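> just to be clear, the model below is a prediction. Sequence and coordinates:
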Amino acid sequence: MTKKELALEIIKRLKEEYPDAGCTLDYNQAWKLLVSVRLAAQCTDARVNVVVQDLYDKFPDVKALAEADVDKIEEIVRPCGLGRSKARDINACMKILWEQYGGKVPEDFDALLKLPGVGRKSANLIMGDVFGKPAIVTDTHCIRLVNRMGLVDNIKDPKKSGDGIMEDYSSRRGE
């Protein structure tokens, strides 16, 4: 069985087993997913979903978070761990969204990577879940699984794993 055939079989089985699989972070706007993804680092999605309720009650939009005092954000997000750095990143990210993008999340992968607190995993999540573009959220779990399934050849780097999977995906779609 080729890697492409294996990938298609795995996708088929996963869709059968998990027909309603999706993002477990609660959001109704792109910027909220961006905030939640930052808070989810070393924290459960369930806790993030609780914490952001208080955060959005106090700071209901991009502008409010951009103008907020970092200490006030930190007080709210502290239960997610790494409160100071997450609060700083959220505030700085929202400032850029407000000042450079009119409060909108950019639909460009490289632009997302330039936002404070946004790495490849977060950018891929936004690209796929918000903008519906092909993207693979590659983290340590994904790397472990794609190696075990034989979809990649003993790759440890998230970028290489995601790129390898995307190359197969793109060639299947004729891109």
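Sure thing, it's come through. Numbering: from 1, shown residues only.
> nearest residue to residue 88 other than its sequence neighbours?
Once flanking residues are discounted, residue 88 sits nearest to residue 70: 5.5 Å by CB to CB, 6 or more residues apart in numbering. (Glycine included, C-beta is placed from N, CA and C.)
> report pLDDT for residue 156.
Model confidence at residue 156, given as pLDDT, is 74.
> that one and residue 138, how far apart?
When CB to CB, to the nearest Å is applied, the distance between residue 156 and residue 138 equals 11 Å.
> check residue 117 too.
With CB to CB as the criterion, residue 117 and residue 138 are 17 Å apart.
> same deal with residue 129?
For residue 129, the distance to residue 138 - CB to CB - is 14 Å.
> re the thing from before, what about residue 117 and residue 138, which has more around it?
Neighbour count, other CB atoms under 10 Å: between residue 117 and residue 138, residue 138 has more, with 23 against 19.
> number of residues surrounding the nearest residue to residue 127 once chain neighbours are set aside?
Spatial nearest neighbour of residue 127, excluding adjacent residues (CB to CB, 6+ apart): residue 135 at 4.1 Å. Neighbour count of residue 135, defined by other CB under 10 Å: 21.
> check residue 43 too.
18.
> can I assume it is in contact with residue 81?
Yes: between residue 43 and residue 81 a contact is recorded at 5.4 Å, counting by CB atoms under 8 Å.
> once you drop chain neighbours, what's closest to the residue nearest in space to the middle of the chain?
Among the residues of the chain, residue 122 comes closest to the average C-alpha position under CA atoms, centre = their mean, at 2.9 Å. Closest residue to residue 122 apart from its sequence neighbours, by CB to CB, 6+ apart: residue 37 at 4.5 Å.
> so for the one you found, what's the pLDDT?
The model's pLDDT for residue 37 equals 97.
> packing partners for the helix or strand encompassing it?
Element membership for residue 37 (DSSP states H and E) is helix 30-39. In terms of contacts (3 or more CB pairs under 8 Å, 6 or more residues apart in numbering; DSSP states H and E), helix 30-39 is packed against helix 45-58, helix 83-101, helix 120-125.
> so which of the ones you listed gets nearest residue 148?
helix 120-125 (19.2 Å; CB to CB).
> list of residues touching that closest one?
Residues from elsewhere that reach helix 120-125 (CB atoms under 8 Å, 6 or more residues apart in numbering): 23, 33-34, 37-38, 109, 112-113, 135-139, 158-159, 162.
> helices and strands around the helix or strand following it, which ones?
Later in the chain than helix 120-125, the nearest helix or strand by DSSP H and E is helix 140-149. Other helices and strands packing on helix 140-149, by 3+ CB pairs under 8 Å, 6+ apart, are helix 158-173.
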